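Colleague: here is a sequence together with a model predicted from it:
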Amino acid sequence: MKRSMAAWWFVGPALIVLGVFFFVPVIGALFMSLTDFDLYALSDWRNLRFIGFHNYVTLLQDPLFWKSLWNTLYFVVLGVPLSIGTSLGAALLVNSKLARFRGFFRTVYFAPVVTTLVAVAVVWRYIFHTRYGFLNYGLSGLGISPIDWMGDPHWAMPAIVILAVWKNFGYNMIILLAALQNIPEDLYEAARIDGASGWQVFRHITIPGIAPVLLLVSILTMTGYFQLFAEPYVMTEGGPLQSTLSVLYFMYEEGFKWWSLGRASAVAFLLFVLMFLVTAFQLRLGRQRGDR
Amino acid sequence: MRRKGPAIIVNTLLIVGAVLTAFPLLWMLSVSFMPTGAASTYPPPLLPAAPTLDNYRQLFANHNAGRYMLNSAIVASLATVIALVLNTMAGYAFAKLRFKGRERIFQTLLGALVIPAQVTMIPLFALVKQMGLISTYGGVIVPSLASVFGIFLIRQYALSLPDELLEAARIDGASEGKIFWSLVVPLLQPILVTLAILTFLATWNDFMWPLIVLTDQKLHTLPVALAGLSREHVQDNELMMAGAVITVLPVLALFLALQRYYIAGILAGSVKG
């Protein structure tokens, strides 16, 4: 009896903090999204009016919301495969028996992950600079004429994808590296004796061996990429022509520029629902593949 | 002899990858030592012709960088200490103490991991405003004080502590508090370092919530200040690179010093799925 009392003293503080600052706000977000919560309501809650699904209805009719949604999906669809591919390539190289100084390379590849996103976005904005940036300088060596990365609506989002891949690939590389090292050595040995080619080994031993982890990292990366915000905030301010306006950026502007906090909550909720559906879909797809 | 070709390819690719990965950070460092305007030339210079500390001097003298650095350090340290205490106590209890509803509560917490923090941001802003914590250190750290991930991390590690040891201490008449403090905490030491560095880096690097809640410029953390500064001084690349260096360098150094613990945390976290 006394011991279970003591246990509550141990979990109580964390549960109270999580309750007040996480679970209550989650419920609060759902509630707020059904109201016209604005600057007046923020100063006095009596100004709050319940308006049902009005926020959701007007959002789904707002072309700018759809624009932000497509931009975010474009970023996810382009960024996630590129990130995972780069991570896998790096993991295979670092894991290779032929590689030297593996610890050193692992550290270098991982370093961008711990850097501050805002700071490296500032650095990359400079690298992408049309006239003085290093990227266009490098491309000119290949005979490619300068690209207006931050000023051309076609190139601004790909530029942000490049930054995101550079910043994040080390994270998944570490996880994939651990998965690669878990594949039993005798599987490779057996394949070698059977005379399998390098590609066959990769296709039939490596990939199945890390498939569950690949599914996991792609879900984690995807949910992370849906939350795109700091990169466009620093590099493009959502432009040019709103081509890098993400859903969270849209939410930020609705909430803290126009102070339509009710509407902003509805945006947050729609994003959450979308992320949830895509994750569920991916898990299902992964399970079906696993059954076969 | 036969394997020499592939070995050269693998190692060359590794080197090319490392150069591409490290280049932005090295260039940032190099340009931060260039005098104003020196980096706005074509072709872009690799190394400063006449290295100077002017940009750093200007940051600290005219742009309050010292203050922002202090803000970042206070926010990250406060959040780390409190998160360490709360998550460790809870994680240990979920692993080793028996209480009613333990499994159900833990499952609920894990389920909440699918909810992104951004969903809570707007109501949290209203709540923090009600509490009078807008533009305070308290307001910034509120969402990082306890985390499901932190509790999970500690619990997984604490599960491996031998029950006999805890029982023996209880038979000797030690209180639960004393067992926790003098027996459990020392045994959890490696995972505590992991949780500390993960929390410190996450709060130091955090941007969106501090941007929303810190309306008073004096309290801005480095990322928020740098984002604001970079909007005002778009053309001043050398100054911006110096600002990026002072923001990134502390966390990069911390990571290099405690790399092993950080990576252990990532691997433990990836098992949750």
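Modeller: Looks like it came in fine.
Colleague: how near is the closest residue to chain B within chain A to A:D36?
Modeller: Using Cβ to the nearest Cβ, A:G28 is the residue of chain A that sits closest to chain B, at 3.2 Å. Heads up, the C-betas are built off the backbone N, CA and C, glycines and all. Look at A:G28 and A:D36: by Cβ to Cβ, to the nearest Å, they are 15 Å apart.
Colleague: what about residue 248, neighbour count?
Modeller: Going with chain A. The local packing of A:L248 (other Cβ atoms under 10 Å in any protein chain shown) involves 24 other residues.
Colleague: chain B, not that one
Modeller: 27.
Colleague: low-confidence regions, the stretch 1-150 of chain A specifically.
Modeller: A:1-3 (pLDDT under 70).
Colleague: give me that answer again for 80
Modeller: Within the stretch 1-150 of chain A, the stretches with pLDDT under 80 are A:1-4, A:45.
Colleague: what does chain B give?
Modeller: Ranges of chain B meeting pLDDT under 80: B:1-4, B:234, B:269-273.
Colleague: now the residue of it found nearest chain A: which helix or strand?
Modeller: For chain B, the nearest residue to chain A under the criterion Cβ to the nearest Cβ is B:P123, separated by 3.2 Å. Element membership of B:P123 [criterion: DSSP states H and E] is helix B:118-130.
Colleague: what's the answer for A:F276, then?
Modeller: Following DSSP H and E, one finds A:F276 within helix A:261-291.
Colleague: just the strands in the stretch 51-200 of chain A please.
Modeller: Ranges of strands within the stretch 51-200 of chain A: none, based on DSSP state E, counting those that start in this stretch.
Colleague: helices of that one, start to end?
Modeller: A:54-60, A:63-95, A:102-114, A:117-127, A:134-141, A:156-181, A:185-193, A:198-201 (DSSP state H, counting those that start in this stretch).
Colleague: and what of the stretch 1-150 of chain B?
Modeller: Under DSSP H, counting those that start in this stretch, the stretch 1-150 of chain B gives helices at B:4-31, B:54-62, B:65-96, B:102-111, B:118-130, B:137-141, B:148-158.
Colleague: quick one: closest of those to A:L73.
Modeller: Among these, the nearest to A:L73 by Cβ to Cβ is helix B:118-130 (16.7 Å).
Colleague: which other residues reach the closest one?
Modeller: Under the contact criterion Cβ atoms under 8 Å, 6 or more residues apart in numbering or on different chains, helix B:118-130 has outside partners A:20-22, A:24-26, A:28-29, A:31-32, A:37, A:42, A:227, A:248, A:251, A:255-256, A:261, A:264-265, A:268-269, A:271-272, B:134, B:139, B:142-143, B:208-209, B:212-213.
Colleague: among those residues, name the buried ones.
Modeller: For those, a burial check counting by 16 or more other Cβ atoms under 10 Å in any protein chain shown picks out A:20-22, A:25-26, A:28-29, A:32, A:37, A:42, A:227, A:248, A:251, A:255-256, A:261, A:264-265, A:268-269, A:271-272, B:134, B:139, B:142-143, B:208-209, B:212-213.
Colleague: circling back: okay if I get the helices of the stretch 51-200 of chain A as CSV plus distance to chain B?
Modeller: As requested, the helices of the stretch 51-200 of chain A are exported to CSV (distance: least, Cβ to the nearest Cβ, whole Å):
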stretch, distance to chain B
helix A:54-60, 12
helix A:63-95, 5
helix A:102-114, 4
helix A:117-127, 4
helix A:134-141, 5
helix A:156-181, 5
helix A:185-193, 13
helix A:198-201, 9
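Colleague: as TSV, these with mean neighbour count would be great.
Modeller: Shown next, in TSV, are the helices of the stretch 51-200 of chain A (neighbours: other Cβ atoms under 10 Å in any protein chain shown):
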stretch	mean neighbour count
helix A:54-60	17
helix A:63-95	19
helix A:102-114	19
helix A:117-127	25
helix A:134-141	16
helix A:156-181	22
helix A:185-193	11
helix A:198-201	12
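Colleague: just send those back as a markdown table, with distance to B:A257 too.
Modeller: As requested, the helices of the stretch 51-200 of chain A are exported to a markdown table (distance: least, Cβ to Cβ, whole Å):
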| stretch | distance to B:A257 |
| --- | --- |
| helix A:54-60 | 47 |
| helix A:63-95 | 21 |
| helix A:102-114 | 11 |
| helix A:117-127 | 19 |
| helix A:134-141 | 30 |
| helix A:156-181 | 17 |
| helix A:185-193 | 33 |
| helix A:198-201 | 38 |
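Colleague: B:I151 is nearest to which of the ones you listed?
Modeller: Nearest of those to B:I151, taken as Cβ to Cβ: helix A:156-181 at 21.0 Å.
Colleague: ok now the closest one, how far from the chain's centre?
Modeller: Relative to its chain's centre, helix A:156-181 lies at 10 Å (Cα atoms, centre = their mean, to the nearest Å).
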